[in-house]
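Q: pasted the sequence and its predicted model underneath.
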Amino acid sequence: MKRVVAADPFEKRLKPITQDKGCKGNYPAWILRKYGDMTEYRAANTTHPNMQYGVVAVKSTVWPGAMSYFSRG
């Protein structure tokens with residue numbers, strides 16, 4: 001098992017994305033971008049939280065095509 005791990009080392013699964021290894025050309029492993037309107041709007045109904053209509057996208061440079069986004073909670 002030690003030889004297998006030495007030949008193909010692995011990284012810890014749960015860690016911050018800032019600790020991921022970058023790509024060739026000194027690119028970071030992840031690119032974060034904000035899109036849309038980042039202004040926070042007060043809701044007309046006071047029981048609801050304030051609304052925001054922006055989107056945050058996270059794109060991987062290590063795995064082409066891997067992307068995730070976050071919008072409105």
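A: Here it is on my side, so go on.
Q: and the pLDDT for the residue positioned nearest the centre of the chain?
A: Compute the mean C-alpha point of the chain, and by CA atoms, centre = their mean the closest residue is residue 58, 3.8 Å away. Predicted confidence (pLDDT) at residue 58: the value is 93.
Q: so what's it bridging to?
A: Here residue 58 sits in beta bridges with residue 32, residue 68, going by DSSP bridges.
Q: wait, it sits on residue 34?
A: No: using CB atoms under 8 Å, residue 58 and residue 34 do not qualify as a contacting pair, with a distance of 10.8 Å. (Each C-beta comes from the backbone N, C-alpha and C, glycine too.)
Q: all helices of this protein, in order?
A: Shown for the chain, the helices assigned by DSSP state H span residues 2-7.
Q: now residue 29: how far from residue 68?
A: Applying CB to CB, to the nearest Å, the value for residue 29 to residue 68 is 13 Å.
Q: so those two - more neighbours on which side?
A: Neighbours around residue 29 and residue 68, counted as other CB atoms under 10 Å, are more numerous at residue 29. The numbers are 15 against 10.
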